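1. Structure, please.
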Amino acid sequence: MTGKDRKSAEPRPGRWKRRLAWVLGSGCVVAACVAIRYYWGAEPASAEPQEAIAEEGPRAPAASRTIPRPTSASPGPTQKVAALVNGEQITRQELAQECLRHYGKEVLESLANKYLIVIECRRRGISVSQEEVNVEVERWAKRFGLPQDRWLKMLKEERGIGPAQYASDIIWPMLALRKLAGDRLAATAEELTAEYETRYGAAVKARLIMTTDAQKAAKVRAAAAANPASFGDLAKEYSDDTASASLKGLIQPIRKHAGNKQIEQAAFGLKDGEVSEVMQIANQYVILQRESLIPAREVRLDQVRTQLEEAVRDRKLRDVSAKVFQDLQKKATIINVLNDPQLSRQYPGVAAQINGNNVSVLELSEQCIQRHGEEVLEGAINRRLIEQACKRQNVQVSEADLDQEIARAAMAMLRAKADGSPDVEGWLKMVTEQQGVSLEVYRRDSVWPSVALKKLVGEKAQVNDEDLKRGYEANYGPRVRCRAVVLDNFRRAQQVWDTARKNPSAESFGDLAEKYSIEASSRALRGQVPPIQKHGGQPMLEKEAFGLQPGQISGIIQLEQDKYAILLCEGYTVPEKVEFAAVRELIYEDVHEKKLRVAMGQYFQRLQDEATIDNYLGGTSRAPKQADVKAAARPAKTPKR
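-> Residues are numbered from 1 along each chain as shown. Model (predicted):
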C-alpha cells in the first residue's frame, strides 16, 4: 500500500467490537436465495469447486487422503502480515488462529455441508459453469429491478456478502442443488395453472376486520351485517390489524392460490357488498367484505409459460433442495476432528473427514479468514492496542483477575446463591448464550479487555459528593411515568406530535405508539416505557420529562441523529423512603463502576486515536491526526512476503 492509497479507516462493525462496546457500556462482562446459505460455508472466487474432490479410485488411508483445492483458488497466503499496529505485526497465522477460535466450528460445519454437494456433483458428473453462475447473478439482479453492479453492491453493504462469495457460496450451490434435484423441480400442469390464475386470473377487492377476541368478532360481524356500508368505519375502530384499519379495512386484492384457502374461498364466494361469517384463522378471527371482482387479465398461458415455470421452480427450490441435502447428509460420514482433542492429536493438520476425505485446518482457516477475516482482524488490532498499553505500563492480567471480574459481574447481574456467593455458573451460561460464543472467547474478548482497561485507568474514576447525590436521586428519587413514541424521521415526528396534541389521551397516544414507534418494546406495549429517572444519561430527555405535568405531551426530543421521541406524562412515582446513609456504599459502588466504564471508554478511544495502523487485509491505514500530513507524504510500510 502506498501513501497515495492511504485512507481513513473506521473499524468495521463486528462481533469483537460489539463485545468491547458491551464491556465498556453496560457493566456486563437479500433475497430468497440468501437463505440457502445455511447449508454451506465460504469459498474463494472460483465459482465451481467440483474439482476439489479427489478422483475416485484406489483409496489411500483416511488420514492421508485430502480434498485438494482448485488451482485457480489456492488458499496459500500471499501476505504473511495481516496488519501493523504501531509497527508491531499481526501475522496471518495469528489472524487464522483468531478466526478459528471465533468461527471455526460454524464454518467447518457449513464447509463440510458444501462439500457434500461437491462430492455428489462429482459422483453424478454434474458441473456448473462460470457462465451459468454469471447468468443466474444477472437474473436475480433483474428480479429486484437493479443493475447487476448495484445488486452486488447492495449485497455487500447490507448483507456483508462480496461478489465472489455470493457467486461461490450462494449461486453455485443453488444451481448445483437445482441440477441434483432434476425433475423434482419441474412444474406440473396443475402448478402452472395455479400460478397462472394467481398472476393473471380474477381477484377480489375486499376489506377486512381482524381481532383475537371471538366475542368482539361476533359483535362486530353482526353490526357489519346489519349495515354493510359501515364496514370501513367498523374496521377503523375495532380491527387489530393496524395496517388495514388505518385504511378502513382495505387490503391487497385477494388472488387464488396466493394465501389462506379459507379466506380465498370466502372472498370468491361472496357477492359484492356482502359480509362473510367470522372465520377463525389460527388464533385470529377474520371478517371480510367483498367490494368488487377484478376481472382476469387478457394474457394467454402459452405467452407466459417460461416465466411461470421459472416462478414455480424457484418457489419449489428451497423445499426440494433441502430434501436433496438431507438425503446427502443421511448417507454421509462426517468426522469432526477439529473439536475432538484426541482425534486432533491422531490426525494433525486435519479439521474434518468427509466420506473418508480430509479437510485440512489450513483450508478451514483460510475459509474463516475469507468470510470473517476483516471483522476478526479489527478485534485483534484493538486487543493489540490494549496489550501494548499494558506492556508500557507494566500491567499484567492473570487468570485469577479474570475469575474475579466474572464473579463481580455475576453478583451484579444475577441473584446470589443461597450461601451468598455469586452465581458464576448461571452467569457464564447466560452470557455465552447471549453473545453466542464459547467460554474461551468470552474470557478472551469480553473479560480480558475489561480487566486490562480497568487496571490501565487505575484511580482516574473519582467519586465526589455531588456524584453520590446524583446517584441517590437517580436510584431513590421520583421518576416520571411516561408513554413514548420513538421515531427515526423528523417529518413523521412532527405529524405524530400534531396528532397527539389534538387528542392527548393515553388511549390515543397508545394507538400512535403502536402504529408508529420504531422501538419494538414501546410499540408492543402501546408506548409504555420504564419510568424516567434523573441523571440516567439522557439529559435532554430527562429535562423534558421532569418538566411535564400529568396529561401533558412533550415537544419533539432529539435523542440522537435521526432518532426522536415524544412523551406523554402519566404522573410521577412516589420516592422510596431510604436514608442516604443506609445506601451510601451501594451508591458509591454503582457510581464508581459507571464512571470507571466511561474512563475506560475514553482511554481506549485515545489508544485508537494515537495509533498508527496499517490493515493489509482491509487495504486501509490510519495514523494520529497530528501526523496526517507526514503520513500522506511517505509510503506505508510493506510487510515481508
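2. Show the contacting residues for the residue of the chain most remote from its centre.
-> Centroid-distance maximum for the chain: residue 226 at 48.7 Å, with CA atoms, centre = their mean. Applying CB atoms under 8 Å, 6 or more residues apart in numbering to residue 226 gives no contacts. In this view, the C-beta of every residue, glycine as well, is placed from N, C-alpha and C.
3. how far away is it from residue 267?
-> Applying CB to CB, to the nearest Å, the value for residue 226 to residue 267 is 21 Å.
4. Thought residue 189 was touching residue 312, still the case?
-> No - in this structure, residue 312 is not within contact of residue 189 by CB atoms under 8 Å, at 10.9 Å.
5. quick one, which of those two is more surrounded?
-> residue 312 (18 against 7; other CB atoms under 10 Å).
6. What confidence value was assigned to the residue nearest the centre of the chain?
-> Most central in the chain under CA atoms, centre = their mean is residue 159, positioned 9.2 Å from the mean C-alpha point. Among the per-residue scores, residue 159 holds a pLDDT of 80.
7. for the one 10 residues further on, same thing?
-> Looking at residue 169, its pLDDT is 81.
8. what are the phi and psi values for it?
-> Main-chain dihedrals, residue 169, degrees, to the nearest 10: phi -90, psi -20.
9. oh, and call the first residue 147 from now on, that's how I've got it
-> Okay, using 147 as the starting number, the last item reads as residue 315.
10. Just give the number of residues close to it.
-> What residue 315 shows, counting by other CB under 10 Å, is a neighbour count of 26.
11. Return the distance of it relative to residue 279.
-> Residue 315 is 11 Å from residue 279, by CB to CB.
12. Can you name the next helix or strand after the helix or strand where residue 531 lies?
-> Under the criterion of DSSP states H and E, residue 531 resides in helix 507-539. The element immediately downstream of helix 507-539 (helix or strand, assigned by DSSP H and E) is helix 545-559.
13. And that next one, what does it pack against?
-> Under the contact criterion of 3 or more CB pairs under 8 Å, 6 or more residues apart in numbering; DSSP states H and E, helix 545-559 touches helix 570-581, helix 594-603.
14. any idea which of the ones you listed scores lowest on pLDDT?
-> Going by mean pLDDT, the lowest-scoring of these is helix 570-581, which has a mean of 88.
15. Just the C-alphas of whatever helix or strand comes next after that helix, formatted as PDB.
-> Where DSSP H and E defines the elements, the next helix or strand beyond helix 570-581 is helix 585-588. What follows is helix 585-588, C-alpha atoms only, in PDB (Å, rounded to 0.1, in the frame of the first residue of the first chain):
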ATOM      1  CA  LEU A 585     -16.400 -19.600  27.300                       C
ATOM      2  CA  GLU A 586     -12.800 -19.200  25.900                       C
ATOM      3  CA  VAL A 587     -13.900 -16.400  23.600                       C
ATOM      4  CA  TYR A 588     -15.900 -14.700  26.300                       C
END
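16. For this structure, which segments are assigned as strands?
-> Ranges of strands in the chain, per DSSP state E, are 227-231, 234-237, 349-357, 400-401, 425-427, 430-440, 480-482, 496-500, 503-506, 626-633, 703-706, 709-718, 759-761, 766-768.
17. Adding mean neighbour count, write the ones you listed out as TSV.
-> Below are these laid out as TSV (neighbours: other CB atoms under 10 Å):
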stretch	mean neighbour count
strand 227-231	23
strand 234-237	17
strand 349-357	23
strand 400-401	20
strand 425-427	13
strand 430-440	20
strand 480-482	16
strand 496-500	23
strand 503-506	21
strand 626-633	23
strand 703-706	14
strand 709-718	21
strand 759-761	23
strand 766-768	21
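18. nearest to residue 285, of those?
-> Ranking the strands of the chain by proximity to residue 285 (CB to CB) places strand 400-401 first, at 24.2 Å.
19. tell me what that closest one is packed against?
-> helix 335-346, strand 349-357, helix 407-415.
20. do you know which of the ones you listed lies nearest residue 688?
-> Comparing those under CB to CB, the one sitting nearest is strand 349-357, at 38.4 Å.
21. okay, the angle between the closest one and helix 407-415?
-> 130 degrees (axes from the mean of the first three to the mean of the last three CA atoms, to 10 degrees).
22. Check which helices and strands strand 349-357 is in contact with.
-> helix 360-372, helix 377-384, helix 388-391, strand 400-401, helix 407-415, strand 430-440.
23. quick one: residue 384 from residue 359, how far?
-> 9 Å.
24. what do you get for residue 368?
-> Taking CB to CB, one finds residue 368 at 14 Å from residue 359.
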